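**Q** the following comprises the amino acid sequence and a computationally predicted model.
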Amino acid sequence: MASRLSNLSVDGERLWQTLMDTARFGGTPKGGVRRLALSDEDRQVRNWLADQAKSAGYTFGVDDLGNMYVQRPGRDQTRDPIAMGSHLDTQPTGGKFDGVLGVLAGLEVLRTLDDAKIETDAPICLVNWTNEEGARFAPGEMGSEVFAGDVTHEFALSRKDADGISVAEALQRIGYGGNERAGERRFAAMIELHIEQGPVLESQNLVIGVVDAAKGQMWYNGSVLGRESHAGTTPMDLRRDAFTAFSEFSLEIERIARSEAPAGVGTIGVATIGPGARNTIPGSVEFSLEFRHSNGERLAAMHDAAAAAAERISAGRGVSVRIERIWQKAPVAFAPQIVEIIDAAAKRLGHQTLRMTSGAGHDAVAVASVVPTAMIFVPCKDGISHNEAENATPRDCTAGANVLLHSVLGLSGVHGHD
Ligand SMILES: [Zn+2]
């Protein structure tokens, strides 16, 4: 029995088939998926998952945020379940793997346990978290943040899409406003399997990343105010050019982020020059800025360095460079005991593992404040995600699902075995 357990493997072909089959719900001509949270396509994939749960005899529940819980019973029903979870919603031009892999690999784990007639001590619960992407309704990680108590039910349910439809109305419309209250369930642990959405594993030829933390983030709106004047008649030394000042500031942001690499990153993703005329010296630039770092103190230091740069450039160039912080999130450390269990399971399966920090937000990051949680990463092609070309190999998806399987077995316990 012990060796039968340690040799237990998911059915990689069945997992792959499931990934390809469900991609038809919102499938795009370019091979991607458009499955916005609580849309008709989301309803279709949810109904599909509910059907799978019911036909396999699992218990099935939905909470008031539409989070779906598919539970396989354990021998000891008094134990808190071990959860596996991710999301089935996608970006408007998303791929087949972001989020979806974590849910469907979880389903494959349950099926594998059924096929092998393995009874776990603790129940195992697969979760499909609502609106991770935040593409239709902002903010993202909505279902998991409400579950964790970081966002109130009222706030989340009242968010509206571009057509003025609220989350509560959309849940009603697709029939997924459940009667249990999000956050009521208890879990002993949660593991999320996800594609890396970055290039690190692939570049190192590794298959399994063990994610032990998530970067903290600070988001800003920024502006540079100079003076509009005539491009032909204003001498260079009498200009207050908002764009050249902004350029200097942007290079300073790059320098700050490089000095914190690889744990820190900084990005200016939006910049609009005003007035935007060929022969007028720019009077303003409006821009976005974000910093991410795995260490909270270093993240604060990046903030301070950017504020100092803004002051210095303002004084040096006779302009006003301002940054206003509009949102921040502290770094999250995942539960060391869960990280260790994943790492040990991966090594037993023959993988060299890499400890990683997630640079992206995930449901696991939200849930980690109330449930001992960690993540497994597998590579995606060229590190590309939030893109219809997003891809992962059957081999890597299977490997990730097997690490998930053995981590969950280690946490749930199997009767008569450790
Ligand atoms: Zn995701």
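**A** Now that the structure is in, tell me what you want to look at. These figures come from a predicted structure and were not determined experimentally.
**Q** what residues does the chain have near the ion?
**A** Those residues of the chain that sit near the ion, judged by Cβ under 5 Å from the ion, are 98-99. For glycine as for every other residue, the C-beta is placed from the backbone atoms N, C-alpha and C.
**Q** tell me which residue of the chain lies closest to the ion.
**A** The chain approaches the ion most closely through Gly99 (3.8 Å), counting by Cβ to the ion.
**Q** dump the residue contacts of the nearest residue to Ser320 once chain neighbours are set aside.
**A** Excluding its sequence neighbours, the residue lying closest to Ser320 (Cβ to Cβ, 6 or more residues apart in numbering) is Leu225, at 4.5 Å. For Leu225, the contact set (Cβ atoms under 8 Å, 6 or more residues apart in numbering) comprises 242, 283-284, 319-320, 322.
**Q** out of those, who's nearest His293?
**A** The shortest approach to His293 among the contacts of Leu225 belongs to Arg322, at 22.0 Å (Cβ to Cβ).
**Q** nearest the middle, which residue of the protein would you pick?
**A** In the chain, the centroid-proximal residue (Cα atoms, centre = their mean) is His362; its distance is 2.7 Å.
**Q** ok, it to Val151 distance?
**A** 15 Å (Cβ to Cβ, to the nearest Å).
**Q** quick one on the thing from earlier: I'd say the residue of the chain closest to the ion and His87 touch.
**A** Yes: with contact defined as Cβ atoms under 8 Å, Gly99 counts as touching His87 (3.8 Å).
**Q** joint contacts of the two?
**A** Taking Cβ under 8 Å, 6+ apart as the contact rule, Gly99 and His87 both touch 132-133.
**Q** distance from stretch 290-304 to the middle of the chain?
**A** Centre-to-centre, stretch 290-304 and its host chain are 20 Å apart (Cα atoms, centre = their mean, to the nearest Å).
**Q** next: stretch 318-326.
**A** Centroid separation for stretch 318-326 versus its chain: 30 Å, with Cα atoms, centre = their mean.
**Q** show me where the stretch 101-250 of the chain has helices.
**A** Ranges of helices within the stretch 101-250 of the chain are 142-148, 153-158, 167-174, 200-203, 242-259, based on DSSP state H, counting those that start in this stretch.
**Q** which one of the ones you listed is the most hemmed in?
**A** Most buried of the helices of the stretch 101-250 of the chain by mean neighbour count (mean count of other Cβ atoms under 10 Å) is helix 142-148; its value is a mean of 29.
**Q** what sits up against that helix?
**A** Contacts for helix 142-148 (Cβ under 8 Å, 6+ apart): 37, 63, 65-67, 85, 87, 129-132, 134, 139, 151-153, 156, 159, 167, 182-183, 185, 363-364, 366-370.
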